[in-house]
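Enquirer: after the sequence you'll find the predicted model.
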Amino acid sequence: MAAGPPPSASEAYRPNRFVSLPAELDPSTYDVSLEKRRAEAERMAIRARLKRQYQLQLNNPNPPAVIEDPALLRWAYARTENVYPTFRPTPKTSFLGVVFAIGPILFWAAVFKADRDRKEKLIKEGKYERPFSVF
């Protein structure tokens with residue numbers, strides 16, 4: 001029997017639901033189409049232009065009052081104005097939203113109702129004197 005060589009680590013590795021495929025073994029990182037390479041080169045060129053613009057402002061002998069980092073501005077805009085891509089409504093987030101939004105209201109309503117019922121019961125039994133009377 002002619003058994004071939006044992007499978008390599010990358011062939012033997014199978015991703016599961018707990019661990020994703022490492023970037024080194026992901027075919028999309030090394031099997032890159034021409035369009036992907038062109039888009040990546042364009043993104044790198046934009047990044048390089050932004051970096052150069054920031055470095056020129058930073059190393060200017062007469063710097064402006066405020067040095068704006070365009071990459072930081074874009075990041076801040078993406079974090080504050082474009083919220084939906086960073087938030088996915090899932091059952092967990094919906095449950096947590098209900099717990100933290102409606103939960104305290106229901107809790108305090110139950111506490112106040114129980115306290116009011118207890119006082120009312122004591123008043124009816126004559127064991128509680130109201131501390132303040134208008135008349």
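Expert: Done, it's in. Since the model is a prediction, treat every value here as computed from it, not as a measurement.

Enquirer: helix, strand or coil: sort out R88 for me.
Expert: Judged by DSSP: H, G, I helix; E, B strand; the rest coil, the three-state class of R88 is coil.

Enquirer: what's it sitting at in phi/psi?
Expert: phi -110, psi 120 (degrees, to the nearest 10).

Enquirer: run a quick neighbour tally on it.
Expert: 8 (other Cβ atoms under 10 Å). Yep, even glycine has a C-beta here, placed from its N, CA and C like the rest.

Enquirer: find me the pLDDT at it, would you?
Expert: pLDDT, R88: 79.

Enquirer: same deal with A2?
Expert: We have a pLDDT of 58 for A2.

Enquirer: hmm, who's touching the lengthiest helix in the chain?
Expert: The longest helix of the chain (DSSP state H) is helix 34-58. For helix 34-58, contacts defined as Cβ atoms under 8 Å, 6 or more residues apart in numbering pick out 32, 63-64, 67-71.

Enquirer: just the element for F112, please.
Expert: Using DSSP states H and E, the element containing F112 is helix 103-125.

Enquirer: let me redo that: F132
Expert: Applying DSSP H and E, one finds F132 in no helix or strand.

Enquirer: show me the domain layout of this structure.
Expert: Domains of the chain are assigned by the TED database as 21-87, 89-128.

Enquirer: where does the prediction get shaky in the chain?
Expert: Applying pLDDT under 70 to the chain flags residues 1-3, 8-12, 24-31, 82-86, 135.

Enquirer: try 80
Expert: 1-33, 64, 68-71, 78-79, 81-88, 130-135 (pLDDT under 80).

Enquirer: ok, and what's touching stretch 70-89?
Expert: 47, 50-51, 53-54, 93.

Enquirer: just put those residues in CSV and tack on neighbour count and distance to Y128.
Expert: Below are the contacts of stretch 70-89 laid out as CSV (neighbours: other Cβ atoms under 10 Å; distance: Cβ to Cβ, whole Å):
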residue, neighbour count, distance to Y128
R47, 11, 73
L50, 16, 71
K51, 13, 74
Q53, 14, 74
Y54, 16, 71
T93, 11, 45
